[in-house]
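Enquirer: Model the structure of this input:
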Amino acid sequence: MTSRASAPPARRIGLSTDVAATLALTGFSLAVVAGFARVFSGWGFFDNLAVVALVGHALGLLLRRVRVPGWLAVPLVFVALTWLIGFLHYRGTYSNLFPTAETADLFRAELDLVRDVFRVAVAPVQFGFGWDVLAAIGVGLAVMLSDAFAFRAGARAEALVPGGVLFVFVAAVGTDRLRVELSVLLVIAGAVTVMVLRRYHTLTPSLRLVRRNRRALLLTPSGLLLAGLIGVAAGFAGPRLPGADAEPLVDTGGGAIGGNTTYVTPLVDIRSRLTNQGDAELFVMEASQESYWRTATLPEFDGQQWRLDAETQTSEGALAEARDDSTRIEQTLRINGLTGRLIPAAADIIEIDDEELAWIEDLGTIAKSGDDGLERGDEFVMLSASPSFDTIDLAQATSDSPPDPVYLELPDDFPESAAATAREVTSGATSPFNAALTLQNWFDDPQQFTYDIEVQPGHGNNAIEAFLNERVGYCEQFAGTYAAMMRSLGIPARVAVGFTPGTETSDGVYSVIGKNAHAWAEVWFDGLGWVPFDPTPGRSDGNATNYTGVPAAQDDEGIDPDAADDAGEVIPPLSTVPTGDEGEFELPIPGEEFLDPPAATEASESNGGLPWWVPVLLVVGLAAAVAPWLVRRVRRHTPASPDKELARLWRRSLSSMSLVGVHSRPTDTPTETATVASERFPIAARPLSSLAHVVTEATYAPHTAAGLSAEGRFGTSEIKRCANWTRQIERAVVDSLGPAARLRRHFTTWS
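Expert: Just a heads-up that it's a prediction; the model follows:
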């Protein structure tokens, strides 16, 4: 963004020339936008981000044509793109085409959600839930900066830096999708843009020291061929360079929750099981009846996540008591790939036959105690009494006396919009059961919500707001949001984590894979206990069909029963379960050891240091501070013919003088400009007059330009003396400026 003295008025550039240069830079920006295919699935993102790029460059062109100065044009583009991004993503919150407080709240909530899951996010992600806004902001900033660099600061290749940095960052955190093709596209677009900008700045009116080429701003066939060859060469050689297929220096593939790891909190591991280990067999369950296999219930919701309650997670108590109308389910569990300590089993467990297992009463689950977690080959025998609930009993039951107040607790900042939605959906409910069923059916309606595992993990306040706005998610969002909304109605609820039944490979033998990982909700009814409800579309526990009316369902797409790990192995017959008095069944005293080590738990709550955005902000700030200096260094040390170098030195001098109020008119000769400057800024009179004398000779006696680089008697040349005079002028100007003006000069003077 140079001054008017160093950047002649835009009207001196022809419309066709300006449009051609803008189109070239826009093409490069669209290539950057295409690079987001490595972090988003499909191409639904492209038109949204392309609009931001097209509008940004078009607005920059318009402001140049009407001669709006750079110091005003750049903020105008920023404001316009901010409005556009908000309008594209939060149009429903605008009032009379203006953003409202609701717009700001939703924007803040979505960015907080992205911040929460950024460290553990795994590409591809859903184009939504804050990721779409973050991508639009990145594109908007790249477009604004590249346009300013190219047309306000006179940059050529430097104008590609903002978009190039964005492309590289996206590639670093993305997948390998179209890696070579997108890189080739960017290289070709960049080469074309540099060629066009060089021609554009050649045609820019300036001191007539060299003969100007007045041809239209069109790439020659040879130029287009060269750009294509550069792109093809990069696409061919790049993947074949040593180390091209090596492991990344920084692993951005999901952080702590990726892979088959122990639970940090049981709910956050679901997506990694659904995606990273979708077909990996975790365990085999031989059971007398199909069921959901529950590993834990999560009673505490702190606004960030559902988790084990620190005060109740290690309490010991008697095993669950079987209801008279319950169905007994005998189970033998064999571990293949499941890790951690929590044991999947049908609810409710009434007998266990292993001294390594500890019953955790308040969680309704069992865990492996001792020093070691679950290992391949471990086998456990259990007996559960699955309750059967009658619709009439449920309809008449109250929900006023939960076993602990924690099952009604919500954080103070729980979104009012979510609570209002819960009240609206259940407004016609006549009982807690009717409200629970109505809310479940609302979530289960495919016209309302879409199931998609590409949504990133998250079930806190920000995730709830984003989920209700986007209406896309997987079981983590459905279960967490449902339970929280039930609590907002004053009905006790919690989240249950475990697995759907899996694939029945033989009679009563179920192979459970990562794809079967699941979360659902449980609602409390006085006198009946915890009753399962599953709000996730396409999922339903067959044991709940009699009171929900939803038949058993799970995700069986693409599962081959014969392809499971160890499918050919046959587990031993179901062992005999002890039938003694439950009160005499000896249990080990459960301790803290069944949970993750403290270090792992702490890692789930923090990044182990500074938040991720602090170093990113520091790097961006440092890059922004260094960029003007770096561009000046590169441009000033770029080899040029003596006449071109002299023209550049004269423009630098005029640009500096403009900062102290000395402006040159296009009709003034160099000598006239120096005379006026000497009167207004005497301290620079001598070097400016000397420089003006050389410029005058080179302008009106072009044959003298050839001797500018010839060394004289004292080992220096005329062009070196001109460079020294220019530096003297710049130092004099800088010394006369205040701190604010110096800072502004650092960021606005690029020549």
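Enquirer: now the closest residue to residue 555 other than its chain neighbours: how far from residue 345?
Expert: Leaving aside its sequence neighbours, residue 555 sits nearest to residue 515 (CB to CB, 6 or more residues apart in numbering; 6.1 Å). The way it works is simple: take the backbone N, C-alpha and C, and place the C-beta from them, glycine included. Counting by CB to CB, to the nearest Å, the gap between residue 515 and residue 345 amounts to 20 Å.
Enquirer: Could you give the number of residues near the residue lying closest to residue 327 once chain neighbours are set aside?
Expert: Distances taken as CB to CB, 6+ apart place residue 386 nearest to residue 327, at 4.8 Å, with adjacent residues excluded. Burial of residue 386, expressed as a neighbour count using other CB atoms under 10 Å, amounts to 19.
Enquirer: give me phi/psi at residue 386?
Expert: According to degrees, to the nearest 10, the main-chain angles of residue 386 amount to phi -80, psi 120.
Enquirer: show me what contacts it?
Expert: Residue 386 sits next to 289, 291, 326, 327, 328, 329, 346, 347, 348, 543 when contact means CB atoms under 8 Å, 6 or more residues apart in numbering.
Enquirer: which of those residues has the most neighbours?
Expert: Ranked by the number of neighbours (other CB under 10 Å), the contacts of residue 386 place residue 346 first, at 28 neighbours.
Enquirer: right, and that residue touches residue 333 too?
Expert: No: with the criterion set as CB atoms under 8 Å, residue 346 and residue 333 do not qualify as a contacting pair; they are 10.3 Å apart.
Enquirer: same for whichever strand or helix holds residue 34, what does it pack against?
Expert: When elements are defined using DSSP states H and E, residue 34 is found to belong to helix 15-34. Under the contact criterion of 3 or more CB pairs under 8 Å, 6 or more residues apart in numbering; DSSP states H and E, the helices and strands touching helix 15-34 comprise helix 46-65, helix 131-151, helix 161-173, helix 179-203.
Enquirer: Residue 740: which of those is closest?
Expert: With CB to CB, the closest approach to residue 740 among the helices and strands packed on helix 15-34 belongs to helix 131-151: 20.0 Å.
Enquirer: Taking their axis directions, that closest one and helix 161-173 sit at what angle?
Expert: Helix 131-151 and helix 161-173 meet at an angle of 150 degrees, taking axes from the mean of the first three to the mean of the last three CA atoms, to 10 degrees as the criterion.
Enquirer: tell me the most buried of the helices and strands packed on helix 15-34?
Expert: The highest mean neighbour count among the helices and strands packed on helix 15-34, using mean count of other CB atoms under 10 Å, belongs to helix 131-151: a mean of 24.
Enquirer: Restrict it to CA atoms and write it as CSV.
Expert: The C-alpha coordinates for helix 131-151 follow below in CSV (Å, rounded to 0.1, in the frame of the first residue of the first chain):
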residue,chain,number,x,y,z
TRP,A,131,-15.1,-25.1,10.3
ASP,A,132,-17.0,-23.4,7.4
VAL,A,133,-16.7,-20.0,9.0
LEU,A,134,-13.0,-20.5,9.9
ALA,A,135,-12.3,-21.5,6.3
ALA,A,136,-14.2,-18.4,5.0
ILE,A,137,-12.2,-16.2,7.3
GLY,A,138,-8.9,-17.7,6.0
VAL,A,139,-9.9,-17.2,2.4
GLY,A,140,-11.2,-13.7,3.1
LEU,A,141,-7.9,-12.6,4.7
ALA,A,142,-5.8,-14.2,1.9
VAL,A,143,-7.9,-12.5,-0.7
MET,A,144,-7.7,-9.1,1.0
LEU,A,145,-3.9,-9.3,1.6
SER,A,146,-3.0,-10.6,-1.9
ASP,A,147,-5.1,-7.9,-3.6
ALA,A,148,-3.5,-5.2,-1.5
PHE,A,149,0.0,-6.6,-2.1
ALA,A,150,-0.5,-6.9,-5.9
PHE,A,151,-2.3,-3.6,-6.6
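Enquirer: Please shift the residue numbers so they start at 751 in all later answers.
Expert: Shifting the count to begin at 751 puts that one at helix 881-901.
Enquirer: so what does that helix touch, helix or strand wise?
Expert: helix 765-784, helix 796-815, helix 820-840, helix 851-867, helix 911-923.
Enquirer: Could you export the ones you listed as TSV, including mean pLDDT?
Expert: Listed next are these as TSV, based on pLDDT from 0 to 100:
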stretch	mean pLDDT
helix 765-784	90
helix 796-815	91
helix 820-840	89
helix 851-867	76
helix 911-923	85
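Enquirer: tell me the two of the contacts of residue 1136 that are most distant?
Expert: For these, the farthest-apart pair by CB to CB is 1039 and 1098; their separation is 13.7 Å.
Enquirer: And the strands in the stretch 1051-1200 of the chain, which stretches?
Expert: Here the stretch 1051-1200 of the chain has its strands, by DSSP state E, counting those that start in this stretch, at 1056-1057, 1077-1085, 1092-1093, 1099-1102, 1107-1110, 1115-1118, 1129-1136, 1200-1201.
Enquirer: Among those strands, show me which one is buried the most.
Expert: Each of those was assessed for mean neighbour count using mean count of other CB under 10 Å. The highest is strand 1092-1093, with a mean of 28.
Enquirer: which non-adjacent residue is nearest residue 1196?
Expert: The shortest distance from residue 1196 to any residue that is not its chain neighbour, by CB to CB, 6+ apart, is 5.9 Å, and that residue is residue 1287.
Enquirer: Before we go further, that neighbour is sitting in a strand, right?
Expert: No: the secondary structure assignment for residue 1287 gives coil rather than a strand, going by DSSP: H, G, I helix; E, B strand; the rest coil.
Enquirer: need the contact list for it.
Expert: Applying CB under 8 Å, 6+ apart to residue 1287 gives the contacts 1193, 1194, 1195, 1196, 1199, 1200, 1201, 1228.
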